[in-house]
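Asker: Take this sequence and fold it.
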Amino acid sequence: MAGAVPALARERPEARRGALTEPRWVRWLFLGAALLFLGFFLFVPLALVFAKALADGFRAYVAAVREPVALAAVRLTLITAAIAVPVNLLFGLAAAWAISKFHFPGKNVLITLIDLPFSVSPVISGMIFVLLFGARGFLGPWLAAHDVKIIFAVPGIVLATMFVTSPMVARELIPLMQSQGNDQEEAALTLGASGLQTFFRVSLPKIRWGLLYGVVLCNARAMGEFGAVSVVSGHVRGLTNTMPLHIEILYNEYQFSAAFAVASLLALLALATLAIKSLIEWRARR
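Answerer: Residues are numbered from 1 along each chain as shown. Alright, predicted model coming up:
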């Protein structure tokens, strides 16, 4: 009887592993299905974009990319992202801090408002700004009287981009900061640290990888946004066309090689963003 107990103890881990581990053919089946899905819906379209972009030769590719209108679209895309991302970084950090560290009336309403751009169509988001700042909008007559142009101009594009990307940073930080709790901050304050010292030396180092991850996602969405920007831009060549809008115009004009050339630039920006995201995840795991 005494010798049977170790035998049972030895058998239990094996039985437990057998109960929790799928057969090898099941694992290979799911892995193959995932790779097939990624290949068909991600890798093949991405390869086709670059193949179509270089279909007329490298010189035609460079000419399409260096066209003044294309360069203006690239410039506007980068400027829009450069404005929208820092603003949403500050907003997301402040909103996440308020929601995770304090209890106040209307907290659930604030969380709902942060999630609003996720639930509203980007086209509707653009229409909101048209109804506010358009020629016949709520503030349109006042803006026209003071010669301030928002719709069909760069400010409208920036505002629409900021709206659709506003939840990105906050939604990455809120669950992270809630799971970490307030113990370390309370200890720092007890030891005599000021509020700013506690934030920069205790709170910020704890959330730095989640913060960078949210910034990367916000930047990717800002550069690739189409729906909301399309409504407020006016599609003015060289002035209010971002890269996605310029690609659409080229494609509708049957300039397929040029359209895919600019699309390849957007794809390269997306791949760079994905590489940064993977690096952040790797560092966060370490």
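
Asker: going forward, measure contacts and count neighbours with C-alpha atoms only.
Answerer: Noted.

Asker: worst-scoring helix or strand of the protein, pLDDT-wise?
Answerer: Using mean pLDDT, DSSP states H and E, helix 4-20 stands out as the lowest-scoring helix or strand of the chain, at a mean of 49.

Asker: could you point out which element follows that one?
Answerer: Downstream of helix 4-20, the next assigned helix or strand under DSSP states H and E is helix 24-38.

Asker: Residue 144 contacts residue 133, doesn't it?
Answerer: No: taking contacts as C-alpha atoms under 8 Å, residue 144 lies outside contact range of residue 133: 9.5 Å.

Asker: Between those two, tell me which one has more neighbours.
Answerer: A count of neighbours by other C-alpha atoms under 10 Å puts residue 133 above the other of residue 144 and residue 133, at 23 against 15.

Asker: OK, contacts around that one?
Answerer: Residue 133 is in contact with 139-140, 143, 150-151, counting by C-alpha atoms under 8 Å, 6 or more residues apart in numbering.

Asker: How much space separates the residue lying closest to residue 243 once chain neighbours are set aside from residue 44?
Answerer: Counting by C-alpha to C-alpha, 6 or more residues apart in numbering, residue 243 lies nearest to residue 73, which is 5.0 Å off, once chain neighbours are set aside. Using C-alpha to C-alpha, to the nearest Å, residue 73 is found at 26 Å from residue 44.

Asker: Looking at those two, which is more packed in?
Answerer: Comparing residue 73 with residue 44 by other C-alpha under 10 Å, the one with more neighbours is residue 73, at 24 against 11.

Asker: check which helix or strand covers that one.
Answerer: Secondary structure (DSSP H and E) places residue 73 in helix 68-101.

Asker: Which elements pack onto that helix?
Answerer: Helices and strands touching helix 68-101, by 3 or more C-alpha pairs under 8 Å, 6 or more residues apart in numbering; DSSP states H and E, are helix 154-165, helix 167-180, helix 204-224, helix 243-252.

Asker: The helix or strand following that helix to helix 154-165, inter-axis angle?
Answerer: The helix or strand immediately downstream of helix 68-101 is helix 107-119, counting by DSSP H and E. Counting by axes from the mean of the first three to the mean of the last three C-alpha atoms, to 10 degrees, helix 107-119 lies at 110 degrees to helix 154-165.
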